[in-house]
Structures are given as C-alpha cells and as structure tokens.
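[1] A predicted structure for the sequence below; I have some questions about it.
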Amino acid sequence: MFRKVTKWVAEATRSEDDRLSEFLDGLDDPIARQVEWSALVSGGANFRTHRLKVVSPVRAEFRLAFGAMLFCWIFFVIGLVAIGFGVASLTGALSKGPPWWFIFPFGLVFGGVGAGMWWAMSRPRVFDMQDLWYWRGKRPLDREAVERCEDSAPLDLVHAIQIIRERVSGNESSYNSYEINLVLHDGRRVNVVDHGNLKHIRKDAQAIADLIGVPVWDATA
C-alpha cells in the first residue's frame, strides 16, 4: 500500500516536461522531437463534435456529431425566435406586452453565431486514399493546391497521427479538449478535429492511422 501511494505521489508531482520527455524517448523517432507538442488550435469543446465515417475502403470522412448539431441549432433557433418577436413588435403585431423590438439585435447575433458555427464545423474533412489527399472544406483542384492549403495535406507525406491534450479554462469552468493532428515528414502539423471525448478521439485516430498506414503518437496515454 505504501509503495502504491509513493508511486502515485511521484507520478503526480512529475512535470509535464518530464512526462513528455519520457514519452518521446519511448517513440524513438527523430521527427517526434522536431514536432511541436502544444495545442495547434486553441480552444476546443468539452463534448464530441465530430464522428468518423468510413465511406469505403479508400475513403473516410469526419462528419458533424449529433451533440454539435444540437448545439448549433440551439443558438440558431433562439436567434430566430428573438428575431420573430422583434419583427412582430416593430410591425405592431404584438399589441400587448413589453416592447420586444429591443431583442431584435440579440436575435441577429444568436442566429448568426449558430449559422456560423454550423458552417465552420460541418465543412467536410476527407481522407481520400485514391488521390492520397486530406482536405477540409472544398475539394482542392490539384496536388499543388493541397500542399499550399493549411487545412489540407498529401497523405503520402503523413508520418504519424498526433493526439494531444489542451486544458481549456473559461470564466466559470475548465475542461480538457483533445486534438487529432496529422504530422508530416517535415514536422509540419495539420489539425483534423478538436473535441472533448478522448475515447472517440483515440478510436478515430487509430482508424485514420490504419487507413494511411502510419503510427499513432498518443501523448495523452
């Protein structure tokens, strides 16, 4: 019992740098030491935002998860309701009650935020082994476009799949968000997804690694 407690205390008091150094020693890969191990995209979410769908043996896509859809729709619907009350108040359709016109701008803000989040998170994130491309959003026209875009990468240049953790702190709460990044042979990273469900992050990262034929570097283990 005493040994277990001592081991737990030693583990808890180790710095993040010590843990990362030990992790990199275990990888024994020079590229792993060139790569940044801090968050590539700041922020994230405390719930699952995307799910991986294997469309065919040569194609997989990240699609919006139900929780993210619901989150976006809540903002959008609240915005529409507020806009509706505001318009009804301005046109005189609401003859009784408080002057609802003042919530019209808030409705525009909520509705715009919901629509903007939907557009940003629902952009396709595609792994195509036939063309050996990964892209987010509109499909690139050629390989040169893939290499130039920060959200795209040639799959034959992917060296590993990186999983890292970021502690996100807000005004009243904090949570962990986890990134899946593609690591290229030159050490450059391309972000794929970033959300709070580690179980699915690991599962999806392994599926991508199996599809491409590269290892997973899981710094959260």
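    Cool, the structure landed.
[2] Select the longest helix from the chain.
    Ranked by residue count and defined by DSSP state H, the top helix of the chain is helix 66-91.
[3] Now do that helix: which elements does it pack against?
    Applying 3 or more Cβ pairs under 8 Å, 6 or more residues apart in numbering; DSSP states H and E, one finds that helix 66-91 contacts helix 104-122. Placement of C-beta: from N, CA and C, glycine included.
[4] So what touches the helix it packs on?
    49-50, 63-64, 68-69, 71-87, 89-90 (Cβ atoms under 8 Å, 6 or more residues apart in numbering).
[5] tell me the average confidence for that helix?
    The pLDDT scores in helix 104-122 average 74.
[6] what's downstream of it, the next helix or strand?
    Sequence-wise, the next helix or strand downstream of helix 104-122 (DSSP states H and E) is strand 125-128.
[7] got the contact list for the residue most central in space within the chain?
    For the chain, the residue sitting closest to the mean C-alpha position, by Cα atoms, centre = their mean, is Asp194 at 2.0 Å. Going by Cβ under 8 Å, 6+ apart, Asp194 touches Val41, Gly43, Gly44, Ala45, Thr49, Glu166, Ser177, Tyr178, Glu179, Ile180.
[8] From Asn176, how far out is it?
    11 Å (Cβ to Cβ, to the nearest Å).
[9] Need the residues touching each of the two.
    Joint contacts of Asp194 and Asn176 (Cβ under 8 Å, 6+ apart) are Glu166.
[10] Number of residues surrounding the residue lying closest to Ala221 once chain neighbours are set aside?
    In this structure, Ala221 finds its nearest non-sequential neighbour in Phe23, 7.8 Å apart by Cβ to Cβ, 6 or more residues apart in numbering. Close neighbours of Phe23, defined as other Cβ atoms under 10 Å, add up to 16.
[11] Phe23 should be in a helix, yeah?
    Yes: according to DSSP: H, G, I helix; E, B strand; the rest coil, Phe23 belongs to a helix.
[12] State the distance from it to Asp204.
    Taking Cβ to Cβ, one finds Phe23 at 20 Å from Asp204.
[13] what's the answer for Met121, then?
    For Met121, the distance to Asp204 - Cβ to Cβ - is 15 Å.
[14] Among those two, which residue is more densely surrounded?
    Neighbour totals were compared for Met121 and Asp204, and Asp204 leads with 24 against 21 (other Cβ under 10 Å).
[15] what about the more buried one, which helix or strand?
    Using DSSP H and E, Asp204 falls in helix 198-212.
[16] which other residues reach that helix?
    With Cβ under 8 Å, 6+ apart, helix 198-212 has contacts from 48, 50-52, 54, 60, 62, 127, 129, 155, 158, 160-161, 163, 165, 176, 178, 180, 192-193, 195, 215-216, 218, 220.
[17] List the buried residues in it.
    Buried residues in helix 198-212, defined by neighbour count with 16 or more other Cβ atoms under 10 Å: Leu198, His200, Ile201, Arg202, Asp204, Ala205, Gln206, Ala207, Ile208, Ala209, Leu211, Ile212.
[18] can you check stretch 57-68 too?
    Taking 16+ other Cβ under 10 Å as the criterion, stretch 57-68 shows Ala60, Phe62, Leu64, Ala65, Gly67, Ala68 as buried.
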